[in-house]
Structure formats: C-alpha cells, structure tokens
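need a structure here:
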Amino acid sequence: MLRYFIQVIESFSVTALLIALLFSSIASGLEERKKWFARSCAISCAASLVLSVLKRTTPFINRTIINAWTFFFAVPAGIIVLVFLFAGIKKSAGTTAKKSPPGTAPGIWGRVSGALPVLDAVSLPLLAALLLFYALPTVFLYPSEFLLAGETAFSTDFLFKCIGYVLGIIAVALGALAVGRAGIDAPPPLLRAVLAPALVVNILSQLSVLVQFLFARRIIRIIPWLFSAMAAALNHAVVFFYAVIALILILPLAVFIKSFAKPVSTANPAEGRKRRAFSRRLRRWALSALVFLGAAAVSLAVLKPLTQRGVTLSPAEPMTIAGNEIIIPLEQVDDGHLHRFAYTAAEETEVRFIVIKKNEAAFGVGLDACDICGATGYYERKNEVICRLCDVVMNKSTIGFRGGCNPVPLAYALKSGSMIVQTSDLENERWRFK
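Numbering: from 1, shown residues only. Reported below is the predicted structural model:
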C-alpha cells in the first residue's frame, strides 16, 4: 500500500502543483481563458488514458520517443510562459503596440507585439496539457501492475495496493487544490516570484531527459560538459523534486503568515467580520498546503527508503572477458530466469546488465537500469521480472526494447554457442551507474 502511495506522490505531485499555480496565475482573468485552460487539461487527461491503454495492450508505443516529443514542445512553451512572468510583456503589449497609419503595413514590432497576447493565451494551457501528458500515463499504468501472475483480485495484497494508489491520488488532488487556493489569495507578485523559478527547475529537468534522448539517438554529438551535466541531472532527479517543493513551500508559508496580520479597522462591523473570515480561510488553505508539501517531502526522504528494504539484487554471475568482448555461454542463460552480470568500466564504475531468455528464438538483454528509475535494478519474483524501485512488472517480450520502465537495451551477438557483448557499449553507459 505504502509503495503505490509514494509512487503516485513522486510521479504526479510536482506536475499537479505546477498546474495549480498556473491556473492561479489566470484565476482573476477572463472566464474564456480559464475555460480554455480547463479544456486543454481535460483533453490531455483523455489522451493520456488512451496512451496508457495502448501502451499496455500493444507493443507499438515507445514512451521514450513520446516523452522526448512532449518535452520538445513543453520546453518552448515553458520558456514563453517565463517570459511573460519575468518581463511582464502581457501588461506592456497593449501600450507598446502602435497602430500603423492608414494605407501602410504594420512594422515588425507592431506584428510582434500584436502576436504577444496570442502567445500568452496559448502557451499557458499548452504547457499545462503537456505536463499532464507526460506524467499521467505513468500514473494510469500503475493499476495494471497490481496483479502478478497467479494472483487474484480477491486478495489482501491487491486491496492494499488499490488503497495506497487511491489515497495517493486523493492526497495529490487535495494538495494541488490547497496550493492553488493559496496562490489565488496570494499577492500576484509573490505568486509570480514562486511560479517562475519553479518552472525554471522543471524545465531544467525536462531538458536533461531531452538531451539524453538526443545523445542516445546520435542526433547531436556528445559534448563532454553537456554529457556530464545531463548525467548528473538524471542520476539526481530527486533533487529537482525537492527544489520545486521547496520553492512552492514559500507561497503557502507567506500566505499563512499574512493571515495573522491585524485586519484594518472598519466602521462597518459586517465588513470586519468578512475580513476576519477571509483571514481564517487563508489560514486553512495555507496550512493544508503546508501539510501536503511537508508530507510529500517526508514520503520521498523517509518512507520511500523503507519500502525498498528487503529486496536484494542477486549477485553478478561469472563471465569471460576477452579483449573488448564479454563472452557468456548460452547454456548459462537459457533457463528462462534472470541472470545478472557486472563489468568494471572506467573510473572503477560497476556497470550491470541482465540477460533473460524470452523464447526459443530470442533473448532479452539490457542494462540493469532504465530511463525512468535509474540504476536501481531488477529482480525476479514468481517468474516475473520486477523493477526494484517502482515494483512494475516487466513484460518479458518487451525486454530489449526501449520504453516505459523497460531495461535500457544492450546490443549483443550470438556466436558459436555464446553471447557476445561489447565492452565499449558498457563504457558508453557507465554514467547511469555513477
């Protein structure tokens, strides 16, 4: 139960909080703009559900590619939103745009400033939709992993998983609601001061994933300093989570302190009661937001390590290294079970990889790490391959292919009754295990 509660918190809370603050930034604006925001989020939720179903039922969905394209549009949309938050272009656009004299074409700045309101109106709901489209499929796919092979839905374990999952969604929804209400009641400058750096941190996290995809596909050449920065960001992804939580924490804390300010005396007693009621409402929403943000941080810092206890990875098996090749006899790995190997790469980095026979004609070979959970590893339980971090059950037929929580594919060759793996391929992936 606790495992899935924490997974929902970790996977979805930052996205939900950012969307709540994005909505807060337009809550006092035009009704039509709020409707478009809600519509874009609803469409994104529906698309995420469809993607989750297709991912579960077909082998044709590659989440890595979809996530890369999502970030390809989300990063520019986030930057445009930041421009309006930092520079206040929305306010200045109406005053800087000048009408061209009759019979003349508008100048370049006239066309640009005339397009600013459109960019402002489109970028924010687009960003919210893309953030949801990245996070929700993972959340929607969790229930598909509740039942392991041979288990029944009429079991205590299945019930506890469902309870943890539902409680996680409820907690995130209530936390986002509380933060959103605190954002609506907060002074606009404070809201912008919190939202802008939170978006910057989130964009940096997205960029690290996008750069990793471009490196892996050889779309851009490897630049040492950029490669090191990307590797550090992916290996310490939880830092981005804590950074966003810490930044957002400032908002309800400031609102909570503000709620204790002595109300201005008024001649009308009814007006005084109204102001005191407003202060109490501020205090409740701010306190609720503080409780959720604190609980989210504690869940990852304290509770998450507790859920990972008791699962020990099997030791690495022996293998032969001849020059630049790793040689593994096929009879060593042809029993259909998970086999783990370890190669000591440069800088004394241990790079692990796994091998499992999927059927009579194919093996699944991949790193003991994935693009989502990092190098936490996989283990075998009841003839199923399980991710040690998120407890997701791997479909054996998809091991060796990219996508979701699958092991990062590793090239291999079969020769003279042995499996051959190149040490250079493991050297190229050692950053995942640092």
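
Number of residues surrounding the closest residue to residue 380 other than its chain neighbours?
In this structure, residue 380 finds its nearest non-sequential neighbour in residue 338, 4.3 Å apart by Cβ to Cβ, 6 or more residues apart in numbering. In this view, the C-beta of every residue, glycine as well, is placed from N, C-alpha and C. Using other Cβ atoms under 10 Å, residue 338 has 25 neighbouring residues.

What pLDDT is listed against residue 338?
According to the prediction, residue 338 has pLDDT 90.

all numbers from here: first residue = 12
All right, first residue 12 from here; so that's residue 349.

got the domain boundaries for this structure?
13-318, 331-444 (automatic domain parsing).

Mind checking the ones you listed for the one nearest to residue 324?
Relative to residue 324, the nearest member of the domains of the chain by Cβ to Cβ is domain 331-444, separated by 4.8 Å.

Please, where are all the strands along the stretch 212-361 of the chain?
Secondary structure of the stretch 212-361 of the chain (DSSP state E, counting those that start in this stretch): strands at 331-333, 336-340, 350-355, 361-370.

Sketch out the low-pLDDT regions of the stretch 112-261 of the chain for me.
Applying pLDDT under 70 to the stretch 112-261 of the chain picks out residues 112-129, 131, 159-163.

that older thread, could the domains of the chain go into a markdown table alongside distance to residue 325?
Formatted as a markdown table, these follow (distance: least, Cβ to Cβ, whole Å):
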| stretch | distance to residue 325 |
| --- | --- |
| domain 13-318 | 18 |
| domain 331-444 | 5 |
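
about what we covered before: please identify the deepest-packed of the strands of the stretch 212-361 of the chain.
strand 361-370 (a mean of 20; mean count of other Cβ atoms under 10 Å).

List the buried residues of the following helix or strand past that one.
With elements assigned by DSSP states H and E, the helix or strand that comes after strand 361-370 is strand 373-378. Within strand 373-378, the residues scored as buried using 16 or more other Cβ atoms under 10 Å are 374-378.

list the helices and strands strand 373-378 packs on?
With contacts defined as 3 or more Cβ pairs under 8 Å, 6 or more residues apart in numbering; DSSP states H and E, strand 373-378 has these neighbours: strand 361-370, strand 429-433.

If we use 6 Å, what do you get?
strand 361-370 (3 or more Cβ pairs under 6 Å, 6 or more residues apart in numbering; DSSP states H and E).

I'd like to check the angle between the strand it packs on and strand 336-340, please.
40 degrees (axes from the mean of the first three to the mean of the last three Cα atoms, to 10 degrees).

Which elements pack onto strand 361-370?
strand 350-355, strand 373-378.

what's the angle between the last one and strand 336-340?
What separates the directions of strand 373-378 and strand 336-340 is an angle of 140 degrees, with the same axes, to 10 degrees.

mind listing what residue 145 touches?
Neighbouring residues of residue 145 by Cβ atoms under 6 Å, 6 or more residues apart in numbering: residue 81.

10 Å instead?
Residues in contact with residue 145 (Cβ atoms under 10 Å, 6 or more residues apart in numbering) are 22, 26, 55, 59, 74, 77-78, 81-82, 85, 217, 220.

Next SSE downstream of the helix or strand containing it?
Using DSSP H and E, residue 145 maps to helix 119-152. Sequence order places helix 167-196 as the next helix or strand after helix 119-152, per DSSP H and E.

What residues sit buried inside that following helix?
Of all the residues in helix 167-196, those buried under the rule 16+ other Cβ under 10 Å are 169, 171-172, 175-176, 178-180, 182-183, 186-196.

So which other helices or strands are in contact with it?
Secondary-structure packing of helix 167-196 (3 or more Cβ pairs under 10 Å, 6 or more residues apart in numbering; DSSP states H and E): helix 13-35, helix 119-152, helix 199-227, helix 248-269, helix 280-309.

Turn the strands of the stretch 212-361 of the chain into CSV, columns for distance to residue 427.
Below are the strands of the stretch 212-361 of the chain laid out as CSV (distance: least, Cβ to Cβ, whole Å):
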stretch, distance to residue 427
strand 331-333, 12
strand 336-340, 9
strand 350-355, 19
strand 361-370, 17
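
now what about stretch 215-223, what contacts it?
25, 75, 78-83, 85-86, 89, 141-142, 145, 214, 230-231, 234, 237-238, 240-248, 250-252, 254-255, 382-383, 442-443.

I appreciate the help and will end here.
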